[in-house]
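Colleague: Whatever this is, show me its structure:
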Amino acid sequence: MDMDAVFGTARPVVGMVHLLPLPESPRFDADAGREALHEAARRDATRLDAGGVDAILVENFGDAPFHPESVPRSVVADLTALVDTVCDATDRPVGVNVLRNDGPAAMAVAAATGASFVRSNVHVGARVADQGLLSGRAHETTRVRDRLDADVRILADVAVKHSTPLGQSADIDAVVSDAVERGLADGIVVSGSATGRETASETVREAVAARDDHGFDAPVFVGSGVTAETVADTLTLADGVIVGSALEAGGEAGNPVSVERVERVVAAADEVR
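Modeller: Purely as a prediction, here's the structure:
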């Protein structure tokens, strides 16, 4: 993947827009309505932009408990409108992640809105999570991309938070190989055990080594636990970071984005870029 072409830099800091619960989800605030969703998404995207992130990833974070695979059509419709709102609020590249594991929907939303990339949580292999058994959806996500002729990159998780692997998927080398060579992923993501949890340096090194050993042109992103204190060290190992909790008020996932926190993370990243 040409990182400069997609993200405008070789080692990007990707900030998260954690959406409020959508109308289909149990915690949706019906009194506030859809306009509150758009106001919050616009606010966080604007703050991320002002703080200097290189790209923004939009995720239906508030929709727990998540659908294990395909989300309802209403979710796809609301996500499309919300991603469009984010795209209107920033000139930064925008990505889409549809929780828990609807890569095909994410690809469709990205194609419709002009987003640049998607995150696919279980792209290949199988994982056990609180939603039950999650199976790889590379065969669907890539075919949606082809059918829509979408210029959208796929970032595939290979150490998936909030889950445990089944069978050979515990082997980072095997999953990296499968994700890129057989699943046609453009980049890979490694994470800690849960949202906000630090990603072990050894896991990052294993993923980078697997990528290099196989000769893949696939950047390695760290997808959880990155803070202003750790981002510089992380970017000496990985090619990019995806940051959510550390950019939000109080360091708590789901809180409004803090421009000051964004600036701290970006400034620390710039020390090694």
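Colleague: all strands for this structure, in order.
Modeller: Secondary structure of the chain (DSSP state E): strands at 13-18, 55-59, 94-97, 117-120, 126-129, 132-135, 153-159, 163-165, 187-190, 220-222, 240-243.
Colleague: Start and end of stretch 21-28, how far apart?
Modeller: 5 Å (Cα to Cα, to the nearest Å).
Colleague: Tell me the buried residues in that stretch?
Modeller: 21, 22, 24, 25, 28 (16 or more other Cβ atoms under 10 Å). To be clear about C-beta, it is placed using only N, CA and C from the backbone, and glycine gets the same treatment.
Colleague: just to revisit the earlier point, going by mean pLDDT, which of the strands of the chain comes out lowest?
Modeller: Here the lowest mean pLDDT among the strands of the chain goes to strand 163-165, at a mean of 72.
Colleague: Would you agree residue 79 is in contact with residue 102?
Modeller: No - Residue 79 lies out of contact with residue 102 (Cβ atoms under 8 Å); the separation is 9.6 Å.
Colleague: so what sits against both of those two?
Modeller: Shared contacts of residue 79 and residue 102 (Cβ atoms under 8 Å, 6 or more residues apart in numbering): none.
Colleague: circling back to that earlier point, in JSON lines: the strands of the chain, plus distance to residue 48 and mean neighbour count.
Modeller: Formatted as JSON lines, those follow (distance: least, Cβ to Cβ, whole Å; neighbours: other Cβ atoms under 10 Å):
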{"stretch": "strand 13-18", "distance to residue 48": "4", "mean neighbour count": "27"}
{"stretch": "strand 55-59", "distance to residue 48": "5", "mean neighbour count": "25"}
{"stretch": "strand 94-97", "distance to residue 48": "10", "mean neighbour count": "27"}
{"stretch": "strand 117-120", "distance to residue 48": "15", "mean neighbour count": "28"}
{"stretch": "strand 126-129", "distance to residue 48": "27", "mean neighbour count": "17"}
{"stretch": "strand 132-135", "distance to residue 48": "28", "mean neighbour count": "14"}
{"stretch": "strand 153-159", "distance to residue 48": "18", "mean neighbour count": "28"}
{"stretch": "strand 163-165", "distance to residue 48": "27", "mean neighbour count": "18"}
{"stretch": "strand 187-190", "distance to residue 48": "19", "mean neighbour count": "28"}
{"stretch": "strand 220-222", "distance to residue 48": "16", "mean neighbour count": "27"}
{"stretch": "strand 240-243", "distance to residue 48": "10", "mean neighbour count": "27"}
